[in-house]
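[1] pasting a predicted model and its sequence here:
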Amino acid sequence: MVFHEPVKTHALEMMLATLMVTCGTILLWPGETFLLPYYALMKAWISEGPGGGILVLVGVLRWRAIIQNGGYRYTPLWRIGGCCVGGGFWLTLAVALTLAFAVDEAMPGDAGPPMLLAIAVTAFTFEVFAGLRGGEDVHRQDSLHIREARSKVGTSDAGNP
Amino acid sequence: MREILRDIAPLLGVLLPAIAAFFMYRRTENKRDAEIKEGGKAGLLAGAAGALASVEGTRLYIEEFQRLGAAGDKIAAGLHEVAAAIREATQAQNERENDRLAKAIDALTKQVQGRP
């Protein structure tokens, strides 16, 4: 396994991966996390067991991809996959909380918006940033083999084997 | 509106990081292409400068060679003059020697003829 300065360059993604693992663990924990009324939309989209399992699995894979980044050319694609799963989770959560607070008025009493909304919006924003970084790394490490294919074409055009 | 948001939120959340990644991939690719083009231009300029330097160097070599050639011509002309002078001197000396020998032979001849 090759270490590619993960602490310096991918601290943001490490945080997001850790957040996925911890959220997944909370969902897997005995008891219903989505019992509260403002999680109604989340409950419509994912059930706690499989959803938590997916979050933990993707979080762990993201961690592995971040640590291994630079040593294996496909790790940026894994990381982008993690960004997509995380982005889907956080935006769904943000929309669920916003709708519950602003449209459905599902908050108990005169309660304001939950703090979790700020975390969800922030996490989603940084998932997009992590996606930007992942795209750059896909190009740098030629994960899609595009530059390799182009160089082969150029070589055959030049008449060299 | 609520239904639409509820339906598209997960899809949008999945798509936006992917779109961001694609955008950044294209941006990096374009940046790299631009750098390659710039590198090509810089290479061409360096090549042109090198060619100019080669032309200038070649011109200097030719001038030096011509100077050397002119000097060689002068040396050859000088040598030619020296050789002519040597030839003339040798000819004169030979003539003087021939005269001296002829006179000596004449004197000897007269001396022999004058004997009884």
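    Nice, thanks for sending it over.

[2] please make it C-alpha for all contacts and neighbour counts, starting now.
    OK.

[3] show me the contacts for the nearest residue to A:Glu32 once chain neighbours are set aside.
    Nearest residue to A:Glu32, sequence neighbours excluded (Cα to Cα, 6 or more residues apart in numbering or on different chains): A:Glu48, at 7.6 Å. Residues near A:Glu48 by Cα atoms under 8 Å, 6 or more residues apart in numbering or on different chains: A:Leu27, A:Leu28, A:Glu32, A:Thr33, A:Phe34.

[4] so which helix or strand takes in the first one?
    Same thing as A:Leu27. For A:Leu27, the host element (DSSP states H and E) is helix A:11-28.

[5] which parts of chain B sit against chain A?
    Applying Cα under 8 Å from any Cα of the partner chain, one finds that chain B approaches chain A through B:2, B:5-6, B:9-18, B:20-25, B:28-29.

[6] going by neighbour count, list what's buried in the single longest helix found in chain A.
    The single longest helix within chain A, with elements called by DSSP state H, is helix A:115-140. For helix A:115-140, the neighbour count (16 or more other Cα atoms under 10 Å in any protein chain shown) marks A:117, A:120-121, A:123-140 as buried.

[7] over to stretch A:33-43?
    By neighbour count on 16+ other Cα under 10 Å, the buried set for stretch A:33-43 is A:Phe34, A:Tyr38, A:Tyr39, A:Ala40, A:Leu41, A:Met42, A:Lys43.

[8] not counting sequence-adjacent ones, nearest residue to the third one?
    Yep, that's A:Tyr39 we're talking about. In space, and not counting its chain neighbours, A:Tyr39 is closest to A:Ala96: 6.5 Å by Cα to Cα, 6+ apart.

[9] quick one: buried ones out of the residues of chain B next to chain A?
    Listed as buried from the residues of chain B next to chain A are B:6, B:9-18, B:20-25, B:28-29; burial here means 16+ other Cα under 10 Å.

[10] out of those, which sit inside helices?
    Residues of those located in helices (DSSP H): B:6, B:9-18, B:20-25, B:28-29.

[11] also compute the angle for the longest helix of chain A relative to helix A:11-28, please.
    130 degrees (axes from the mean of the first three to the mean of the last three Cα atoms, to 10 degrees).
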